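Visitor: I would like to see how this sequence folds:
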Amino acid sequence: QVQLQESGPGLVKPSQTLSLTCTVSGGSITTNDYYWKWIRQPPGKGLEWIGTIAYSGSTYYSPSLKSRTSISRDTSKNQFTLQLSSVTPEDTAVYYCARGRDAVTTTKSQFWGQGTQVTVSS
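Guide: Have a look, this model is predicted:
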């Protein structure tokens, strides 16, 4: 059974870059046909898809966040990473990493990390 675990700072200052890592166990991030996602949920709002890195290494980003988002991976560590630049308090949310089999650009996923709270505040 695949497991995902988010890690990174819980507090980020405005205008800085938010950086989170998802460590995957129980399966390889290069296994065919799996898509590895970053998703967030701001307080009082629904889930928002941020971006996806495919098993091939191809990346897909939400149009509304694309200019500030970068997703990369380290296959030797079986990890993938989110960087979100120029953050504002509106980026405060619980951030999840997840694995999906399809629906590459949606929040639909079969396995999820537990989520990590990130607060943007000075």
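
Visitor: drop to CA atoms for contacts and neighbour counts, all remaining ones
Guide: OK.

Visitor: separation between the residue nearest to G26 when sequence neighbours are not counted and S25?
Guide: Distances taken as C-alpha to C-alpha, 6 or more residues apart in numbering put V2 closest to G26, at 4.3 Å, once the chain neighbours are dropped. When distance is defined by C-alpha to C-alpha, to the nearest Å, V2 is 6 Å away from S25.

Visitor: before we move on, what about D33?
Guide: Counting by C-alpha to C-alpha, the gap from D33 to S25 is 17 Å.

Visitor: tell me which of the two has more neighbours.
Guide: Counted by other C-alpha atoms under 10 Å, D33 and S25 do not tie: S25 has more neighbours, with 15 against 12.

Visitor: OK, contacts around the residue nearest to G26?
Guide: For V2, the contact set (C-alpha atoms under 8 Å, 6 or more residues apart in numbering) comprises 24-27, 111.

Visitor: what's the closest non-adjacent residue to the most centrally placed residue in the chain?
Guide: Residue closest to the average C-alpha location in the chain (C-alpha atoms, centre = their mean): W38, at 2.3 Å. Excluding its sequence neighbours, the residue lying closest to W38 (C-alpha to C-alpha, 6+ apart) is C97, at 4.7 Å.

Visitor: just the local confidence number for that neighbour, please.
Guide: We note a pLDDT of 98 for C97 in this prediction.

Visitor: next up, identify which helix or strand it is on.
Guide: Assigned by DSSP states H and E, C97 belongs to strand 93-100.

Visitor: can you pick the most crowded of the contacts of V2?
Guide: With neighbours defined as other C-alpha under 10 Å, the most crowded of the contacts of V2 is V24; it has 22 neighbours.

Visitor: give me the pLDDT for that one.
Guide: The model's pLDDT for V24 equals 98.

Visitor: and it, its phi and psi?
Guide: Note on V24: backbone dihedrals following degrees, to the nearest 10 are phi -110, psi 130.

Visitor: what's the spacing between it and I50?
Guide: 18 Å.
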